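Engineer: dropping the sequence and predicted coords here.
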Amino acid sequence: MGNLRHFFYFISLGLFWGLSPTLYKFWSIEAIPVSHILVITGLGVGLVMGLLAWAQGKSEIFAKRIHIYGLICGLLINLPFGLNIFLARHVAPTDLAMVISTSPLVNYVLSLGFAQKKPDGRHLVAIVLGLCSSAILILTREGPLGGQISGWLLISFSVPFLYAGYNWYTHNYLPEGADIYVIGMAESFWSGIIIVPLLLWFAPLNLGIAPSWIVVTSLVLAIAMWVLERVAYFTLIREKGAVYTVQAVYVSTPAAVIFAMIFFGGSNDIWLWVSMLVLMAALSTPKST
């Protein structure tokens with residue numbers, strides 16, 4: 001039962017991550033300031049998870065250790081999250097997803113460097129196959145979905161390293177015995193709060209202009225999606241570790257391509273299916289570690 005639950009969280013996490021680049025691109029088209037997105041989604045997710053924790057009678061909602069951990073997590077997640085949203089203005093959503101798919105390799109190397117993992121041939125094979133799956137996609141994209149290699153694309157390669165630092169901290173400093181909803185509440189709440197000064201300074205809210213219904217709907221859906229994503233993420237981080245968790249990008253990579261095709265156009269081709277076959281090989285190679 002535990003393996004089935006982990007698999008469900010794993011696939012859900014990959015699908016949520018796969019949809020995210022499409023959301024980033026949509027928000028860039030609508031010219032929503034990055035600071036607005038970080039504050040609204042951070043406080044929204046924090047509020048929902050806080051209410052869920054309170055409804056379940058969780059006792060550590062205001063615990064100091066939880067909020068210190070949440071504050072640091074909020075600082076660390078805002079760097080790659082905000083950079084992703086900004087880069088969506090300049091990099092195709094498919095290309096952005098491909099770059100992020102290098103995260104497992106970065107996490108694995110980091111784990112080796114801190115002696116948290118021993119060299120594992122099966123895991124290395126899975127990572128190489130996953131990267132090959134991503135490479136097939138990025139090298140065979142054509143038309144409007146294919147981004148051009150540019151300075152922005154090169155800058156985007158910093159994102160996996162930022163996520164690696166975040167994943168390393170969340171896994172190694174997760175408060176012992178803390179509830180997942182309480183942790184998600186604290187991280188999301190602080191990720192929004194710390195951006196408020198930047199919002200007020202660089203892009204204050206214009207209360208005289210009401211956002212369109214589709215923008216409001218996208219933000220509400222993002223909050224709901226990321227509540228579920230936070231539950232899946234912290235559950236897998238606690239029970240399976242960072243290396244296992246970030247391999248969900250091997251689901252998010254083809255998912256990102258498909259979502260981008262649906263919302264932004266583009267044609268399907270044989271290389272997409274070749275990539276997915278390689279992806280399935282990557283997912284079936286390592287043991288659940």
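Structural biologist: Yep, it's here. Numbering: from 1, shown residues only.
Engineer: show me where the chain has helices.
Structural biologist: 2-29, 34-55, 64-87, 93-100, 103-113, 121-140, 151-156, 158-172, 180-193, 196-202, 213-239, 242-246, 249-264, 270-284 (DSSP state H).
Engineer: so which bits of the first one are buried?
Structural biologist: By neighbour count, and taking 16 or more other CB atoms under 10 Å as the criterion, the buried residues in helix 2-29 are 6, 9-10, 12-28. Glycine gets a C-beta too; all of them are placed from N, C-alpha and C.
Engineer: neighbours of Glu187, just the number please.
Structural biologist: When neighbours are defined as other CB atoms under 10 Å, Glu187 has 30 of them.
Engineer: and it, what pLDDT?
Structural biologist: What the model reports for Glu187 is a pLDDT of 96.
Engineer: same check, this time on the one 5 residues further on
Structural biologist: For Gly192, the pLDDT comes out at 96.
Engineer: likewise for Ala222?
Structural biologist: As predicted, Ala222 sits at a pLDDT of 93.
Engineer: for Ile214, same thing?
Structural biologist: Ile214 carries a pLDDT value of 91.
Engineer: again with Ile138
Structural biologist: 67.
Engineer: and if you look at Val257?
Structural biologist: On pLDDT, Val257 comes in at 77.
Engineer: neighbours of it, just the number please.
Structural biologist: 26.
Engineer: the closest residue to it other than its chain neighbours: neighbour count?
Structural biologist: Spatial nearest neighbour of Val257, excluding adjacent residues (CB to CB, 6 or more residues apart in numbering): Thr94 at 5.1 Å. If you count neighbours by other CB under 10 Å, Thr94 ends up with 27.
Engineer: could you do Ile193 as well?
Structural biologist: Quick note: Ile193 (other CB under 10 Å) scores 16 neighbours.
Engineer: distance of it from Gly74?
Structural biologist: For Ile193, the distance to Gly74 (CB to CB, to the nearest Å) stands at 8 Å.
Engineer: what touches both of these two?
Structural biologist: Common contact partners of Ile193 and Gly74 (CB atoms under 8 Å, 6 or more residues apart in numbering): Gly42.
Engineer: how far does stretch 182-191 sit from the chain's center?
Structural biologist: 15 Å (CA atoms, centre = their mean, to the nearest Å).
Engineer: could you list the residues in contact with it?
Structural biologist: Residues outside stretch 182-191 that contact it (CB under 8 Å, 6+ apart) are 38, 41-47, 49-50, 53, 58, 60-61, 63, 66-67, 69-71, 73-75, 77-78, 81, 174-175, 226-227, 230-231, 234.
Engineer: and for stretch 26-40?
Structural biologist: So stretch 26-40 is in contact with 78, 81-82, 85-86, 88-89, 191-192, 195-196, 198-199, 202-203, 205, 211-212, 215, 218-219, 223, 263, going by CB under 8 Å, 6+ apart.
Engineer: average pLDDT for it?
Structural biologist: Per-residue pLDDT values over stretch 26-40 give a mean of 92.
Engineer: quick one: distance of that stretch to the chain centre.
Structural biologist: For stretch 26-40 - counting by CA atoms, centre = their mean - the centre lies 16 Å from the chain centre.
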